[in-house]
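Enquirer: Build me a model from this:
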Amino acid sequence: MTMEFFKIFSPSSERNSKSLNSFKGVEERSLWSTAIQRLILNRAAFVSALLIIFLAFICFVGPYFLSWSYDEIDWDLIEATPPNINNGHYLGTDSLGRDLLARILQGGQVSFQVGLLATMVAVIIGVTVGSLAGFLGGWVDQILMRIVDILYVIPLMFFIIILMVIFGRNFYLMFIAIGFVEWLTMSRIVRGQTMALRHKEFIDSARVSGSSNTRIILKHIIPNILGVVVVYVTLTIPQVILLESFLSFLGLGVQPPMTSWGALISEGAREMEITPRTLIIPALFLSTALFSFNFLGDGLRDALDPRDR
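Expert: The predicted model follows:
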């Protein structure tokens, strides 16, 4: 009798479980689709996203269509010259006869790479530390947050300079150094979101089902804080680009012949009285990228705000 009962009702239970899972999937997709629609309706954020895509495209694809590379010297023009379409210098040359447009696009590649890769380092460390501290709590939370508090006291610029003095001015080390100091805020944000989620019913159900802490964090906690992480990423990238530009302006960033927007602004500042365009044009590119990322971050924050759903 009991076996017949289970035979009758087991398929129905399986169907109910599948229906529940499909409903959750549809609900999750609908939330993200609604957020995308709201982002598109936000004109400032949508235009900023298009500008970022356009800047990234011309920086990474544009150099293949130029007559001059970023480190190639035009020996006939060993000085800063105005734009000239005939010789291929569409924005002119710098004081060493190098094509300004090619150097701006190359500088954009470096700035975008530093911004994205350093932010990835910050996200990986910040999400790991924040989720562990928020979910486990107790002495783990106390130790990790005290480490964060100590690192907050250390001046970030001083810390980066120390790392670069110890390990040298390596291009890839700059990603790690900047990312290593940008994860602190991310860890606090993720910790707060995790603490708000760890006592929810679906987390208790996962515990009862025998899921390990690692599985709960990876399968339940992180997917539910992904929106906050995405918003923070778009707001962190311009901070990282600006920090890298400041380091390059001080001569601690990328080294010649490699360049970045910050290094170009530093070079242009020395030639400002003679050729102001060598300062103004890279500064315009940098400012456009920074403003676009900030507007996009604000738009994503509004689009993913649960209070407006």
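Enquirer: Could you use CA atoms for every contact and neighbour count after this?
Expert: Will do.
Enquirer: Which residue is the nearest non-sequential neighbour of Pro63?
Expert: In this structure, Pro63 finds its nearest non-sequential neighbour in Ala102, 6.2 Å apart by CA to CA, 6 or more residues apart in numbering.
Enquirer: which residues sit in contact with the one you found?
Expert: Residues near Ala102 by CA atoms under 8 Å, 6 or more residues apart in numbering: Pro63, Leu66, Trp68, Ser69, Tyr70.
Enquirer: all helices of this protein, in order?
Expert: Under the criterion DSSP state H, the chain contains helices at 2-41, 43-61, 100-136, 138-153, 156-167, 171-197, 201-208, 213-216, 222-224, 226-249, 261-270, 277-303.
Enquirer: Serialize those helices to JSON lines and add fields for mean pLDDT and distance to Tyr90.
Expert: Listed next are the helices of the chain as JSON lines, based on pLDDT from 0 to 100; distance: least, CA to CA, whole Å:
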{"stretch": "helix 2-41", "mean pLDDT": "52", "distance to Tyr90": "34"}
{"stretch": "helix 43-61", "mean pLDDT": "92", "distance to Tyr90": "14"}
{"stretch": "helix 100-136", "mean pLDDT": "90", "distance to Tyr90": "7"}
{"stretch": "helix 138-153", "mean pLDDT": "88", "distance to Tyr90": "45"}
{"stretch": "helix 156-167", "mean pLDDT": "73", "distance to Tyr90": "36"}
{"stretch": "helix 171-197", "mean pLDDT": "83", "distance to Tyr90": "29"}
{"stretch": "helix 201-208", "mean pLDDT": "82", "distance to Tyr90": "59"}
{"stretch": "helix 213-216", "mean pLDDT": "83", "distance to Tyr90": "55"}
{"stretch": "helix 222-224", "mean pLDDT": "82", "distance to Tyr90": "47"}
{"stretch": "helix 226-249", "mean pLDDT": "83", "distance to Tyr90": "24"}
{"stretch": "helix 261-270", "mean pLDDT": "86", "distance to Tyr90": "17"}
{"stretch": "helix 277-303", "mean pLDDT": "88", "distance to Tyr90": "12"}
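Enquirer: Distance to Gly92 added to those helices, as TSV?
Expert: Shown next, in TSV, are those (distance: least, CA to CA, whole Å):
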stretch	distance to Gly92
helix 2-41	37
helix 43-61	17
helix 100-136	6
helix 138-153	44
helix 156-167	34
helix 171-197	28
helix 201-208	61
helix 213-216	56
helix 222-224	49
helix 226-249	22
helix 261-270	13
helix 277-303	9
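Enquirer: between the ones you listed, which gets nearest to Asp94?
Expert: For the helices of the chain, proximity to Asp94 was assessed by CA to CA; helix 100-136 is nearest, at 6.0 Å.
Enquirer: Tell me which residues of the closest one come out buried.
Expert: 100-123, 125-135 (16 or more other CA atoms under 10 Å).
Enquirer: Just give me the neighbour total for Gly227.
Expert: Residues within reach of Gly227, counting by other CA atoms under 10 Å, total 18.
Enquirer: So it is in contact with Leu304, correct?
Expert: Yes: using CA atoms under 8 Å, Gly227 is in contact with Leu304, at 6.4 Å.
Enquirer: roughly how far apart are the residue nearest to Pro63 and Gly253?
Expert: Using CA to CA, to the nearest Å, Ala102 is found at 19 Å from Gly253.
Enquirer: what does Ala80 give?
Expert: Distance from Ala80 to Gly253, by CA to CA: 24 Å.
Enquirer: same deal with Ser266?
Expert: Between Ser266 and Gly253 the distance is 11 Å, computed by CA to CA.
Enquirer: Kindly report the same for Arg146.
Expert: 30 Å.
Enquirer: in stretch 287-302, what's buried?
Expert: Buried residues in stretch 287-302, counted by 16+ other CA under 10 Å: 288-290, 292-302.
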